[in-house]
Every structure is written in C-alpha cells, then in structure tokens.
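give me a model of this one.
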Amino acid sequence: MNHAIFWHAWRRSQIDLAGVHAKVVTRHGRVVFYDYDEVCPLTDCNFREMPQASSLDEEMDAEPWFYVGPNDIFPEEFLPFLGLQGDVKEIFLRAHGDLLRAAFWTQMQAQLRAGEVMDVFAYRQSKRLRRNAG
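Residues are numbered from 1 along each chain as shown. Take a look at the predicted model:
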C-alpha cells in the first residue's frame, strides 16, 4: 500500500464533457475521462496555490471568484479526483503529499529547464526485471 499511482487530474472548472475524447472504466468501477486537448508539456503549465477565500460567499460560489488562466493548475485540487479514502489516502499524503503543492511542480519545471532528465520508476529496484549477463 506504500505505492500510489499519480494520475493527472484537471480542474473541475475546466472539464468540458462535450470535448472529451476518451473514457475508461477502471477495475473499481470509476469512470475516468481523458481530455487530450489539455495535455501539454509540464514546462507550459502555470502551477499556483489555491487563493484563500475572503468570505463565505466567495468560498461557496459555484464559479471561481479569482482569475484562472488557460494553463493554470492548482495541485491541491488533485486529491478529490484521485478518490483516495481512509488509510490509502493517509499513506498517499505521507509518501506523496508534495505532489499537491505548487512548489513541487515549479521545482520540477526548473529541473527540466536546466536540462535534467529525471528517471521515474514504477517499481522498486527489487521488483524490476533484471538483465541476464551474457
């Protein structure tokens, strides 16, 4: 349970079901929509922290009360879309909570712009296939 799969989530305010190009039903019965129009290089994204509402009216408003640009992404909004609950959610937050902060993503952008190549492995070294010598 220590490993979580990070799935790109998009802002609720940006979902346009008429523009959805594909949908998938997961083994857990959840429907996942992929909007390929919103796929872009990480370096083109504008990662932001969610502004704090100054009133209950702003907080409860159905539409954002602040400006949201076309490439704005609010990482803290990812968590509701992941659908994690209970212990799995707590494990995810302990192991990968940094994925829910804009600072993590802006650091990734800086590393990419500096030419760093980051390896991301789906499995621990002990679980990966090994090459036979010879």
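
contacts and neighbour counts: CA atoms only from here.
OK.

counting neighbours, what do you get for residue 67?
As a burial measure, residue 67 scores 8 neighbours (other C-alpha atoms under 10 Å).

need the pLDDT of residue 65.
Looking at residue 65, its pLDDT is 85.

for it, what are its contacts?
Residues near residue 65 by C-alpha atoms under 8 Å, 6 or more residues apart in numbering: residue 58.

and the strands in the chain, which stretches?
22-25, 31-34, 46-47, 72-73 (DSSP state E).

quick one: average confidence on the first one?
Just to be clear, that refers to strand 22-25. The average of the pLDDT scores along strand 22-25 is 68.

and the third one, by the same measure?
The average pLDDT within strand 46-47 is 95.

what's in contact with that strand?
Residues contacting strand 46-47 (C-alpha under 8 Å, 6+ apart): 71-75, 102-103, 105-106.

may I see the PyMOL selection of the buried members of these?
Selection of buried members from the contacts of strand 46-47 for PyMOL, criterion 16 or more other C-alpha atoms under 10 Å:
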select buried, resi 72+73+74+75+102+105+106
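
from the contacts of strand 46-47, which two are the most distant?
The most widely separated members of the contacts of strand 46-47 are 71 and 103, with 16.0 Å between them, by C-alpha to C-alpha.

tell me where the chain has helices.
Using DSSP state H, the helices of the chain run over residues 56-60, 78-82, 86-96, 102-113.

out of those helices, nearest to residue 29?
Closest of those to residue 29 is helix 78-82, at 13.5 Å (criterion: C-alpha to C-alpha).

any idea how far that closest one is from the chain center?
Centroid displacement of helix 78-82 relative to its chain, using C-alpha atoms, centre = their mean, to the nearest Å, is 8 Å.

list the buried residues of that helix.
Residues of helix 78-82 classed as buried: 78-79 (neighbour count, 16+ other C-alpha under 10 Å).

for residue 74, which non-adjacent residue is closest in space?
Closest residue to residue 74 apart from its sequence neighbours, by C-alpha to C-alpha, 6 or more residues apart in numbering: residue 48 at 5.3 Å.

quick check, that neighbour in contact with residue 100.
No. Under the criterion of C-alpha atoms under 8 Å, residue 48 makes no contact with residue 100, lying 10.5 Å away.
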